[in-house]
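Colleague: return atomic coordinates for the entry below.
(2 chains)
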Amino acid sequence: MSHLIDTNLTVDHLLMGNDAIARGALEAGVKVVAGYPGTPSSEIIEGLANVANDMNMYVEWSVNEKVAMEVAAAASFAKLRSMCTMKQNGVNVASDFLLHLSASGVRGGMVIVPCDDPGALSSINEGESRYFARLVEIPLLEPGDFQEAKDMTKWAFELSEELRQVVMLRSVTRLSHASGTVRYDPLPQSEVNAEFVYQGFLLDQMEGIVITAPVGFRHTQQQEKIKKAREIFENSPFNTYTGPEKPDLLIITSSACTLYSREAIDVLKLEDRVGLLKLGTTWPLPPNLLKKHLAMADNILIVEEVLPFLEENVKVLAAEMAHEIGVKTFYGKNDASLPMVGELNPDLVINAIAKIMGIDYQAKSENYAAKAQATVISGAPQRDLTFCPGCPHRASFWSIHNALELDGRKGFVCGDIGCYTMAILPTGFQSLKTCHSMGSGSGLASGFGKLGQFGFDQPILAVCGDSTFFHSAIPALVNARHHNSNFTMVLLDNSGTAMTGFQPHPGLEINALGQEVPGLDIAEICRAMGARVEIRDPFELEETRKILNDLIEDTQEGLKVLILSQKCALSPERKAAKKYEMSIDESLCIGENCGCNRVCTRIFRCPGLTWDKTKGVTRLDEVLCIGCGVCADICPAKAITRKEAA
Amino acid sequence: MTAKQLTKDPYNIIITGVGGQGNVMASRVLASMLVNNGYVVTIGETFGASQRGGSVMSHLRVSTRGSWSPQIPKGKADVVVALEPSEAIRVLCDYGNPRVKILSNTRPIHPVGVIAGELDYPSMEETIKSAEDLAAEVWFIDATDQAVKLGNPILGNIIMLGALSALGDLPVSIQDFKNVIQNSMSKDKHDINLTAFGLGEKLIQQ
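Modeller: Alright, predicted model coming up:
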């Protein structure tokens, strides 16, 4: 049985933040959950999919975040409780629907859960979902620890139903992917019946049609909901104050920053001088609660990550109340007490407090710090990111790189988000020259492909993964085909959403619930568009390189697609069975003296191979090698050999 | 269950290694053992795309007082468990202090820069000397080599956990380990994991 549906209410359960959110949704009786995979949000849906049968739920990995939000909203319109999850940039994808959903309102409780990634630990942006809550005028909740992640999620559904409005519950990496102890509440037993009612009065949100018009009427109604949320938030148990009655410094914070702030006060032993106002309801802010606490102190430090969202909102209230609470000195982002880029940690908060209060703080003695710094430089060589041993992307980019070099016309690759983003690094031979949002490599290539009339003659490639293809590359390819844009799309098909943990996508014959479903054939879709489509195994290096040059040189106008199909090296299938036993004949490897100049370890750089400096030969790391066999084809001395594994 | 008082509260553990070594699993198992013994444990980890060939670190905060930051404050690690030796040294730069203890595996995983011949990987002697310079006590054990002998290199993480329990600072035993894996692992894996844990204990006790 999954720990998510454990019925023991009297023990502490060790839960990841994402599991706590999932449990909260279960305790609220959520019935439909949809999302698109993205670190750090993915485990919420994975956990719920595992218990979908036990709890009579429908859970899906949708094709993208906008469709996920629409799928969840449909359930809400049919009076069910629903949730959708995504990483921060997913909110941008879904935002067009969200703008309209917030205007029409919802029926069954509906919660959207974006998991932001301050510091971009697993992202290529530091996007902020909080601003969307203010922009589309919906309530924003931010849990400050693991117990709250569970409790607030449960409450978010009740709030949504009370307001008849979608509610945003925002998490961050350091909460979603951190773990702590949580006490459970009971799981509900009730069964519900879904029905979409539309026969009622036109303007009746619960029984009429669900639309955003008349806009003036609905928008006014929407703003009434925000006013009501503000009143509810005045007494929320998720807004707490700890500290003295008249603190020298008042910290206002939310989310994971609560834990950093609490730690900073503990480390500096300032419990008697610094107060901590922890807010769980961060939009709209409850003005009376803020007034009461702002009045306590003259100096206010706002602790939050990335942009000054909370700081700006608090300052607006403080300006309005200035005649009652007096003039305050604010510390935070705008005065550079805290950085506006990257994630926070206890030390950044400690240092900010220490500076404001004139305290001398050193994390470690200068002597030790200097010694440790010097030791690390020689003792811990930098660990750059690299494709895994046996990764098909390394082989694909090897061929792409070689094909473009042979072509010699300064060709380049437009990329987007996936493990293959790492092709901006030496591990992918620095092949990617642009990298933005999901599917944008294809859209940019579509644009580059129309620059011929201005003298542009560089070959253009776009790469995208199989899941990204469905998520957002299809419209770009349609655009390219329709406008006769000249480029070659290379589809790196590794049979799953590999980077986030093998979630299924529409190209596979299985869904999040493990059911058999129709898989859509990428090659057939591209052929139906009228593109020239080729399929190769990227582990066949020479074949792949040849077809790439053929496609690049194809003078026929329009879209060409090369599908490079090979399973991810971390996939259960590839991990289970080694294809080849590799070996290196050290007598044949002539290392530095070889004309290849160590092409295997210096350029190809698979972690399964390592350069033995003392012997001057390449060695195999048998713990890391997964036996893909590709390196045998790049060794000109035939020192690396493969043998079919038994 | 009332938890025994810790030598320090919060007691801060860092488990470090390279993506794919079973770092996250080791931190979960250790934390579960401690939670079952009545402690409040907070784990901070990074995993996802950032871990392809990169360093992976889990921070465990063990306390009787409540949840703490999922990131340990700088200079405040009490013990560092390294599944890869150079990672032990890397961690000390930010989180080390003269009282820290280090328990490290000896099996190196070469960074891609070393594979490419651009960087040098320190010898085992250099690594041990660096560790001794920066820490109060150090243990280096051949966990991966022993795990390979047991039939699977991934068991190195469990051997390291067994060794950690034998250091004696944390109130966890092989019985606690047994209780945790009974709920979290399939039955066919119990014996081999218990063997690995016991082996780790012995490597320290010898």
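Colleague: going forward, measure contacts between C-alpha atoms and count neighbours the same way
Modeller: Noted.
Colleague: what residues does stretch A:598-617 touch?
Modeller: Stretch A:598-617 is contacted by residues A:387-390, A:394, A:398, A:426-427, A:429, A:586, A:589-592, A:618-626, A:631, A:634-635, B:110-112, B:114-117 when judged by C-alpha atoms under 8 Å, 6 or more residues apart in numbering or on different chains.
Colleague: pull out the buried positions in that stretch.
Modeller: For stretch A:598-617, a neighbour-count test (16 or more other C-alpha atoms under 10 Å in any protein chain shown) marks A:598-611, A:617 as buried.
Colleague: likewise stretch A:213-226?
Modeller: A:218-219, A:221-222, A:225-226.
Colleague: what does it rub up against?
Modeller: Outside stretch A:213-226, the residues touching it (C-alpha under 8 Å, 6+ apart) are A:102-105, A:137-139, A:163-165, A:212, A:284.
Colleague: possible to save the residues you listed as CSV with distance to chain B, secondary structure and neighbour count?
Modeller: Shown next, in CSV, are the contacts of stretch A:213-226 (distance: C-alpha to the nearest C-alpha, whole Å; DSSP: H, G, I helix; E, B strand; the rest coil; neighbours: other C-alpha atoms under 10 Å in any protein chain shown):
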residue, distance to chain B, secondary structure, neighbour count
A:Ser102, 32, helix, 21
A:Ala103, 35, helix, 27
A:Ser104, 36, helix, 24
A:Gly105, 35, coil, 28
A:Glu137, 31, coil, 22
A:Ile138, 29, coil, 26
A:Pro139, 26, coil, 28
A:Leu163, 32, helix, 23
A:Arg164, 34, coil, 23
A:Gln165, 32, coil, 28
A:Thr212, 39, coil, 17
A:Pro284, 26, coil, 21
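Colleague: which two in those residues are spaced the farthest apart?
Modeller: A:Thr212 and A:Pro284 (21.8 Å; C-alpha to C-alpha).
Colleague: that older thread, and the contacts of stretch A:213-226, which is closest to A:Pro40?
Modeller: For those, the nearest to A:Pro40 is A:Pro139 (21.9 Å; C-alpha to C-alpha).
Colleague: got a list of what B:Phe199 touches?
Modeller: Slight slip there: residue B:199 is Leu, not Phe. Going by C-alpha under 8 Å, 6+ apart, B:Leu199 touches B:159, B:162-163.
Colleague: put the buried members of those residues into a ChimeraX selection.
Modeller: The buried subset of the contacts of B:Leu199, as determined by 16+ other C-alpha under 10 Å, is captured in ChimeraX by this line:
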select /B:159,162,163
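Colleague: export the contacts of B:Leu199 as CSV, with columns for secondary structure and pLDDT.
Modeller: Output for these, formatted as CSV (DSSP: H, G, I helix; E, B strand; the rest coil; pLDDT from 0 to 100):
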residue, secondary structure, pLDDT
B:Ile159, helix, 97
B:Gly162, helix, 97
B:Ala163, helix, 97
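Colleague: quickly list what B:Arg61 is bridged to.
Modeller: Beta-bridge partners for B:Arg61, by DSSP bridges, are B:Asn12, B:Thr42.
Colleague: before we move on, what about A:Ile460?
Modeller: A:Phe412.
Colleague: just confirm B:Gly198 contacts B:Ile159, I think it does.
Modeller: Yes - the criterion here is C-alpha atoms under 8 Å, and B:Gly198 meets it with B:Ile159 at 7.4 Å.
Colleague: now do the buried residues in stretch A:198-212.
Modeller: Buried-residue list, stretch A:198-212, by 16+ other C-alpha under 10 Å: A:205-207, A:209-212.
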